[in-house]
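# let me see the structure of the following:
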Amino acid sequence: MVCSSWFAFLALGVIGASPAWAADNGIESTKLAADDLILECESNQACQLVANAVEASGGVLHYLYESDVFHGVSFQLPKSATAEERRALVAQFKGIKASWPVQDITLVPEDTAKDQPEDKLQVLKGGEEKRAPLGRRADDDRVETPWNHLMTHVDKLHEEGYLGSGIKIAVIDTGVDYNHPALGGCFGPGCRVVTGENFSNEGNRSDPIDCSDNGHGTIVAGILAGYNKADGFVGAAPNATIMAYRVLNCNAKGREDDMIAGWLQAEKDGAQIIVSSTGFQGENWAQRPLAVVAARIVASGVPCVVGLGNHKEQGLFYAMNPSTGRGVTSVNSFGRSLVALEHRGEYSVGTGSEPVDFAFEPGRGLHDWDGEWRPVHDVDADFGDKPDDDLTGAEEVPDYLDSDTVLGDNCKLSPGNSSAGFARDLAGHIALIRQTPETNGCHFYDRVRNAVARGAAHILAWQDAPNYIMIRRQDAHGVRAIGITQTDDGRAMARALASGQPLTARRAGRVRIDTGIIAPMSAYGPTWDMDIKPTIGAPGHRVPVTRKGGGYGSDSGTSFAGPLVAGVFALVAEARGTFDPALLNSLITSTGAPQSSHGRLITVAQQGGGLLRAWEAAHATTLVEPGTLPFNDTDHRPDSIGLRITNTAKTEVTYRLSHLAATTLYTLESDSVRPSEDPAGELDKLAIMDELDEVDEAVDAAAHVEMSQSSLTLGPGQSATVDVSATDPSGLDPERLPLWSGWVSIQGSDGTNLTVPYLGLGGSLRSAAVLDPASKLSTLAGSEFLLPNPPEGQTPGPFQGIAEPAAAVRSEAISTSFDLVLGSPQVRVDIVPLDVCSTPALVGARVNATEPDLSQACVPDSIVTEFAGVKSIGQLPGYPRHYVKREEIQIRWDGAFAPGQYAPPGRYKIVARALSIMGDAADEAHWQTVESPVFSILYEGNVKRAPEDQPAQPVQTPEEEDAPAANAGDALAADDAKHAPES
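Predicted structure coming up:
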């Protein structure tokens, strides 16, 4: 067929391309690399034959993937080849399973992602030691535990000696700054970064150094396995071995085939865990090539961890590829719940007494709250105050006191005062001061200055008021460390001092914050196959990180939640002696802690199993299989899913089963085919609000969940299967696709507390609109376009030397767009002629007429084919596309419908069709269509050109780089190909 794609031989299992790249700290910027293709072959031998044929024809071979998990080849077709030459080349290829055009990717940091360096971790250039032997990385004298380790109980595994020792973890990213002191200071055997490779288009192939501006891969590596005692930094698996694979260049740009090469090389080099925080945002399909490769590696026994993505504002069904791969561990990002006091102090009364814990918050000088025991002095007692004085109704505390404010007599240092406390030297003491309204004629700020004048460098405030007002720097010149604690603790210290007992205090670390909230940018799953993504959530918002160049700071994104989970996989694998990906996924999912917002459990589509609990995953004695319960949409709902429970404990355990319902979210806006932006209604909020906003998309409606048993007793080593069924919540609008979810709760008599996430969709994905009927194709209505001559210089059609039509619009190309509001397994854009005849001759045309009648210009039926009820001369170059993300698709057509072939002059319309999600390509009813009005085309060579005529100029300025490239290499499938999801 002349109009068919030159790649029509790939009729089975062909997969196309879809634009849009994103990683954490990344904004999408993607285009299809013209004529560059990835093929999957049935064998390495078949790929070698393809490679030989490509090189013999003048093409460029990029990669020959000779992996046990993926036989493939990546190449560039010879650009000078005609369509016939390309068809002849392709005819030599045998044993091809699938094909994809290569996507280019660019990582652009988001303004909101990078935070300022933390007070504790100042920008340092590292110590003198460049080579850090593996055994010396994390010793018994460890650094202070960071908050993200406390939240996820990583510290408990560290205390038990689980540090990821000897475990090889591959980082696939922008490379790693192995010169960083927390990453060992060197590269090669004996270093922390022991091996790696550079697959970008810059630098030495054997050197995976991170040269990107944002140092993305360096941040990932530090969270994963960094350690430097001198700088106070520790990663999740500080004794693990890092393998670095750079797939993006210094400008954070790369290609899809480079990324696949990095993944496959990591598997070949023996990585026991792979983590990557780069991918294609919003593609949401498991059938994309990178997701396919990641899933194959998981199936081979290597756990793979990838961030879910950063675009919360895009709403449901917007997961990043390759986190969409089957079995791949997909991670979303949490932040800390907003609490006032995050640090832990200790005070001791008298001598030899047990220390008492108290919570406080350093407002300044965290370094100077250094853990040293210091005597405490109650400054308020110097003014005659008592710890239990009732200060109700006293004057409010001013927010601050100007530096030139005159202090009252009662606040001035008076060595002659009868109170001995006024004369006391407070150097080396912690000054305890009640942060209250004015007492005895002296404001709190005055008392701070009084203490400073007597040599105090540490101030610990306490108060009765509900809001903490931290001391401003201008009010405490000379103070090195300021903190505030709650009323009960401050009063207890003051009472002890009032009784005449000596009291000492110190900072002892951080308070363990066990609850989290979804980070502002964290995306939503699930996939279009209704696979539950994310798998788990972990801290990724404002977490401590290593910076390229030797520094430290904090940063945000799912990129930085993923490596923490990968590090925890290493610790759990070390503790349990297994790297089984399915078991590790089940362990972290079932032991995760589901989190709430506004008093309602957050959807599984954003948190999966909940907040990561490392220690619990390592020591769980009850196992569940599967780790998630996907109930699909209403059309494809399973009758039940068997949940197998196994007791590996040494004692008999009785289990009670119930379920916890999460917030149900509508996928679509009310009275619209478009997805709701941030359906939970919490965009850019990182705090627990006093009241739930009125959110149309979030509803309190739980699925009806039933279990075949509500309790069971299992002896040591015994297993049982409970059948779980679920139906849609009542009273919801199925047209808006309500996504419901929750957890099956398993509580054991031995203290076991597990939760298994479930998720389903009310309504039908197959029946949902994937194309917006209000798309912009109408902009072509009635237009007559005069296009430039084809590059070959041959003017199609019978018109020669006619006068230019008065209504002709000179344009380099015809530009329009249509909106794909949901994803689609296949998108076609056909060029449909209005007039078809049996001969290429012009029927009834007045060739020499001043105004040619284009309705008389027919297209020969020899170049017309039909698919799913539409007759066309072919598709736009770059189509069909397969497994496409939702997006506005730009169309730019210059008349070409195949390499070297252009549409004859005449009347046409552009017909865009998208296959429904879960649709059958062979069923016409499963296709959705939008089409343009009728327009007509001529070429400059068809008309007489007046001397004053100007060169053709574009009449529209679409985002051309978002449009598929005009090349035959992107047209990948036969017209009648059926594309079912890969199993």
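# what's around Ser670, how many residues?
11 (other CB atoms under 10 Å). All C-beta spots, glycine's among them, are computed from the backbone N, C-alpha and C.
# ditto for Tyr655
Tyr655: 23 surrounding residues under other CB under 10 Å.
# wait, it touches Asp750, no?
No. Assessed by CB atoms under 8 Å, Tyr655 is found out of contact with Asp750, at 9.5 Å.
# relative to the particular helix or strand that has Leu754 in it, what are the paired strands and their orientations?
Secondary structure from DSSP states H and E places Leu754 in strand 753-761. Paired with strand 753-761 in the same sheet, following DSSP bridges, are strand 629-633 (parallel), strand 738-748 (antiparallel).
# Asp920 is in contact with His926, isn't it?
Yes. The pair Asp920 and His926 passes the contact test of CB under 8 Å, sitting 5.3 Å apart.
# more crowded one of these two?
The neighbour comparison of Asp920 against His926 (other CB under 10 Å) goes to His926, with 19 against 16.
# next, the more buried one: phi, psi?
For His926, the backbone dihedrals (degrees, to the nearest 10) come out as phi -90, psi 0.
# helix, strand or coil for the nearest residue to it once chain neighbours are set aside?
Nearest residue to His926 in three dimensions, chain neighbours excluded: Gly919, at 3.4 Å (CB to CB, 6 or more residues apart in numbering). When classified by DSSP: H, G, I helix; E, B strand; the rest coil, Gly919 comes out as coil.
# was I right to think Val836 contacts Asp861?
Yes. In terms of CB under 8 Å, Val836 counts as a neighbour of Asp861; the distance is 5.1 Å.
# quick check on the residue nearest to His926: phi, psi?
phi -90, psi 170.
# surely it meets Arg766?
Yes. Counting by CB under 8 Å, Gly919 touches Arg766, with 5.5 Å between them.
# ok, these two, which is more surrounded?
The neighbour count for Gly919 versus Arg766, taken as other CB under 10 Å, is higher for Gly919 (22 against 18).
# what's Asn148 sitting at in phi/psi?
phi -70, psi -30.
# next one: His458
phi -120, psi 120.
# beta partners for it?
Ile430, Ala481.
# shouldn't it be in contact with Thr504?
No. With contact defined as CB under 8 Å, His458 does not count as touching Thr504 (11.8 Å).
# comparing these two, which residue is more hemmed in?
His458 (25 against 18).
# low-confidence ranges, the stretch 701-850 of the chain, go.
Scanning the stretch 701-850 of the chain for pLDDT under 70 picks out the ranges 776-779, 781-782, 792-801, 839-850.
# any idea how far Val934 is from Ile910?
Per CB to CB, to the nearest Å, Ile910 is found 10 Å from Val934.
# give me the more crowded residue out of these two.
Ile910 (23 against 15).
# ok, now which ones touch the more buried one?
The neighbourhood of Ile910, defined by CB atoms under 8 Å, 6 or more residues apart in numbering, consists of 777, 780, 814, 816, 829-832, 876, 891, 893, 931-932.
# pipe those into CSV and attach neighbour count, distance to Trp100 and secondary structure per row.
Shown next, in CSV, are the contacts of Ile910 (neighbours: other CB atoms under 10 Å; distance: CB to CB, whole Å; DSSP: H, G, I helix; E, B strand; the rest coil):
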residue, neighbour count, distance to Trp100, secondary structure
Leu777, 20, 27, helix
Leu780, 20, 30, helix
Ile814, 25, 27, strand
Thr816, 22, 26, strand
Val829, 23, 18, strand
Asp830, 28, 21, strand
Ile831, 22, 24, strand
Val832, 19, 27, strand
Leu876, 24, 18, coil
Ile891, 23, 21, strand
Trp893, 22, 23, strand
Glu931, 18, 27, strand
Ser932, 23, 28, coil
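# possible to save the residues you listed as CSV with distance to Ser522?
Output for these, formatted as CSV (distance: CB to CB, whole Å):
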residue, distance to Ser522
Leu777, 35
Leu780, 40
Ile814, 40
Thr816, 35
Val829, 34
Asp830, 39
Ile831, 42
Val832, 43
Leu876, 36
Ile891, 33
Trp893, 38
Glu931, 38
Ser932, 38
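# and which of these is nearest Ser323?
Val829 (28.9 Å; CB to CB).
# the closest one bridge partners, please.
Beta-bridge partners, per DSSP bridges, of Val829: Ala912.
# which one of the strands paired with strand 753-761 lies closest to Thr727?
strand 629-633 (8.7 Å).
# show me which residues of the closest one are buried.
For strand 629-633, burial by neighbour count (16 or more other CB atoms under 10 Å) applies to Leu629, Pro630, Phe631, Asn632, Asp633.
# just the closest of these to Pro563, please.
Relative to Pro563, the closest of the buried residues of strand 629-633 is Pro630; by CB to CB it sits at 26.3 Å.
# surely that closest one meets Gly760?
Yes. Taking CB under 8 Å as the definition, Pro630 is a contact partner of Gly760 at 7.5 Å.
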